[in-house]
Each structure stands twice: as structure tokens, then as C-alpha cells.
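> need a structure here:
(one chain, ligands or ions: 1)
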Amino acid sequence: MSAASDAAATFRSLHGKEPVGVFSAPGRVNLIGEHTDYNDGFVLPFALPHRLAAAVAPREDEQLTVATLGSDGRVQQADPVNISELEPGQLEGWAAYPAGVAWVLRSHGFERGADVVLAGDVPTGAGLSSSAALECAVALALLGAAGEADPDERRRTEIARLAQRAENEFVGVPTGVLDQTASMRCVDGCVLFLDVRSGEIEQVPFDAAAAGLRVLVIDTRAKHTLAESGYGDRRRGTERAADLLGLKALRDIEPDGLDDALARLPEDLRPLVRHVVTENQRVLDVVTLLKSGRLAEIGPSLDASHVSMRDDYRISCLELDVAVDAARAAGALGARMTGGGFGGSAIALVPEADLAKVEANVKAEFERAGLKAPRTFVAVPSPGARQDPPETWAG
Ligand code: GAF
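Residues are numbered from 1 along each chain as shown. Model prediction:
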């Protein structure tokens, strides 16, 4: 069963009718370019095959009802809310995300109520962007129910920004726009090279299998929540550094100006700035390698990115370090934590022939360290958010 057919089937059993449409959005991994998005920098994510689907039908009133099918097969229903009465901070937990999307769309003239039912397989709390998948699927569903179908590229970028606003202003988590843009704009078979400052996007083909390689995702199962982590701290630190330097954002520091910039900053901010400036350069280096058909050579950049996040940005944790070290020791060409950090997932670029060995070593090292067993899977760049055709979900 796909996310779309699960969402539609659950919709039917809850509401006793067909949804008017089903819309789904993927989670993501970020190949490289971490904590650069809110510094106006570069990111390079790709969409996962894991998706969250939203089955929807419009209502005659202004109520939003949302239910979600859990991985245990149980349906959870959020308290219905009146869209015209939504206020930031009013809701907690998962229900705040769809309500936040309705709240932000309200300021763009969409006030019609809807019944929404969610289902999918994007791991939650794994740093794989389940929140953005939820926001983007719900945004497409509410817009679709109001008659707006098939957004073009420009509109998709706008929807990503609206979803980010829902998360920042309604839910209260100060994320950048990486995850929502990945969910809305990624395409099958490519990594998405996004320049956050200009909004420019380039789809860069990424076929690890053709190079005899695989991208292994290691979900450490160390729960990652941006709301409670040091994410906001790091963000404020980099913004303060930019202010002190009289810059709009750390993006404005070129690698050859880094030492000068560091010399002008208090000691506690220097490692943060060093991470952002060197990470932006690593994204550019990786893009150059990919474009010249040298995918197998990106490993050292992935490794350097992890070291920078572990030692300078200080957002890694025992589980992520064990995952990365164990993957490398068993033959990975490069490995790094991906996403916000403080738990969540790592990725490793692994020769196909070493895949089983790498997975086994990661599991063995987790056991040796007394950690909960991690989950692993191979990820390939998959399609972005879309309306799911009825033949994939109709009853
Ligand atoms: C999280 C945030 F949501 C993104 O905006 C980004 O900052 C990422 O952490 C780190 O690169 O996923």
C-alpha cells in the first residue's frame, strides 16, 4: 500500500465518502550544506522515497479536521479547529503543523474548511524532514480543495515559503527553508542545488548506483526535535556574528576573508562562523564534482562536513559519531550527519560491494556502545510533492 492509498482508505472509513484529491510530499536527506540555509547560503538535498499523503475534501464551513494514520494502524484525530479563529501558539504537538498551514493560507485568502486525513512512511523524529513533508502535503491539499491544482515551479517555491512560515510563526520553530524547498522542488534522480539568497535552483543529476555506489541512511533513533534542541541557539549565534561584522548574512564572507572575519569576532562565535563559511564552500565543491561526473570523489567533503559539525558547530552526538565512524571504518567513502543534528540520521556513501559490511559494522558498533539498534536503508533521489493520480488511490 502506498501513502496515497492508505490516506484515501482511512479518509473513506472516517468520512464515509471519497476524498476529492490526494496530495503527497516526501521527506529528504541533505547530501551536504547544513545550517547554511538561514545564513543565506547553499544546500544540496534530495527527496526520499518516503512520503506523507493528505487525502482531502472541502467543507461548507470554516472547520479544519485532521486525522492521521499511525504506523501502528491506529487513527488519531486532532480536535477540529475553526480556521478563522486560529492563533499562533494555540496548539501543541503534531496538530499544530496542519493548523499552522491553514493559518498561513488564511492570510492569502484561503479560508474554506476541509477534512484532511494523513498517512505515510516518513520516519518521525529522525531528522528526515517529516514536519516539512506534512506541511507541504497539507498545503497542497488545502489549495487543491480550494481549486488550485498543479502549481508551477514559481508557485511551488512560494508554497515552500508559506510552509516555512507556518513552522516559524505558528508552531514556533525557527527553521530555515531547506526542508520545505526540498519537499516542494526536488525531482526524481537529482539533488537540488539551492542558493537560498537568490532562490535560484539547479537540478543536478545524482545516480550513485551508476557509479557502483549507494547512499546509506542511518537513522540513529536518537530522537531529534528542533524545538527543544540547540537549533535556535546556533541560529541566533550566526545572526549575531553577521550583525557584529556589519553583514546581511554569513553568506557574505568568502573563504579567503574568513580569517579576517574570525579575528573581528568574540571567541565563542568563531567556530560557528567557520562552519558556515567552510560548509558553503563544500557544497560548491560537491556540485562541481557531481557536474563533472566525479560522484565517487565527494567522500572527503562529506567527512569534512561532519567534522565541522561535530567540532565547530557542535550539533553532533554520540550516536551520530558512532554511525559515521563505523560506516567509514567498514569502507564508506564518506559519511556525515544530515539535517538539524542533536540526534536524527547520518548518511554514508558506500561502494555497493561494501554495503552489507558497512550496515553490519554500524549495527555492531551501536551494540558495543550500548545504544539502541539503528535503522538503515538505501536512499535514491525521488519525486517531490505532487497530486497523486486517482488510479493510485481510488477505491
Ligand atoms: C533543519 C531545519 F529545518 C533546516 O531549515 C536546516 O536549517 C537544517 O536543519 C540544517 O541544515 O532540518
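> Which strands and helices lie in contact with the lengthiest strand in the chain?
With DSSP state E setting the assignment, residue counts place strand 45-58 as the longest strand in the chain. Of the remaining helices and strands, those touching strand 45-58 by 3 or more Cβ pairs under 8 Å, 6 or more residues apart in numbering; DSSP states H and E are helix 3-15, strand 21-30, strand 114-120, helix 130-145, helix 178-185, strand 190-195, strand 375-379. Where C-beta positions appear, they are placed from N, C-alpha and C, glycine not excepted.
> Go through these and name the closest to residue 88.
Nearest of the helices and strands packed on strand 45-58 to residue 88, taken as Cβ to Cβ: helix 130-145 at 14.6 Å.
> Would you tell me what the next helix or strand after the closest one is?
Sequence-wise, the next helix or strand downstream of helix 130-145 (DSSP states H and E) is helix 153-165.
> Ramachandran angles for residue 76?
phi -110, psi 130 (degrees, to the nearest 10).
> Now it. Nearest residue, chain neighbours left out?
Sequence neighbours aside, residue 68 is the residue nearest to residue 76 in space, at 5.3 Å (criterion: Cβ to Cβ, 6 or more residues apart in numbering).
> cool, residue 172 as well?
Nearest in space to residue 172, with sequence neighbours left out and distances taken as Cβ to Cβ, 6+ apart, is residue 89 at 6.5 Å.
> Can I take it that the one you found is in a helix?
No - using DSSP: H, G, I helix; E, B strand; the rest coil, the secondary structure at residue 89 is coil, not a helix.
> State the distance from it to residue 78.
Remark: distance between residue 89 and residue 78 (Cβ to Cβ, to the nearest Å) = 16 Å.
> And the host helix or strand of residue 216, what does it pack against?
Secondary structure assignment for residue 216, by DSSP H and E: strand 213-219. For strand 213-219, the packing partners by 3+ Cβ pairs under 8 Å, 6+ apart come out as helix 318-329, strand 345-351, helix 355-368, strand 375-379.
> after the longest helix along the chain comes which helix or strand?
Secondary structure assigned by DSSP state H gives helix 270-291 as the longest helix of the chain. Using DSSP H and E, the helix or strand that follows helix 270-291 towards the C-terminus is helix 299-307.
> quick one: is that next one near the ligand?
No - against the ligand, helix 299-307 shows no contacts by Cβ under 6 Å from any ligand atom, the least distance being 10.5 Å.
> Can you dump the C-alpha atoms of that helix in PDB for me?
Taking Å, rounded to 0.1, in the frame of the first residue of the first chain, the C-alpha atoms of helix 299-307 are listed here in PDB:
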ATOM      1  CA  GLY A 299      33.500  11.500   0.100                       C
ATOM      2  CA  PRO A 300      36.200  13.800   1.700                       C
ATOM      3  CA  SER A 301      33.800  16.700   1.500                       C
ATOM      4  CA  LEU A 302      31.200  14.700   3.400                       C
ATOM      5  CA  ASP A 303      33.700  13.700   6.000                       C
ATOM      6  CA  ALA A 304      34.900  17.300   6.400                       C
ATOM      7  CA  SER A 305      31.300  18.400   6.800                       C
ATOM      8  CA  HIS A 306      30.800  16.000   9.700                       C
ATOM      9  CA  VAL A 307      34.000  17.000  11.500                       C
END
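> Report the buried residues of that helix.
Within helix 299-307, the residues that qualify as buried are 299, 301-306, counting by 16 or more other Cβ atoms under 10 Å.
> Packing partners of the helix or strand where residue 235 lies?
Element membership of residue 235 [criterion: DSSP H and E] is helix 231-244. Helices and strands touching helix 231-244, as assessed by 3+ Cβ pairs under 8 Å, 6+ apart, comprise helix 270-291.
> Right, I'll call it a day here.
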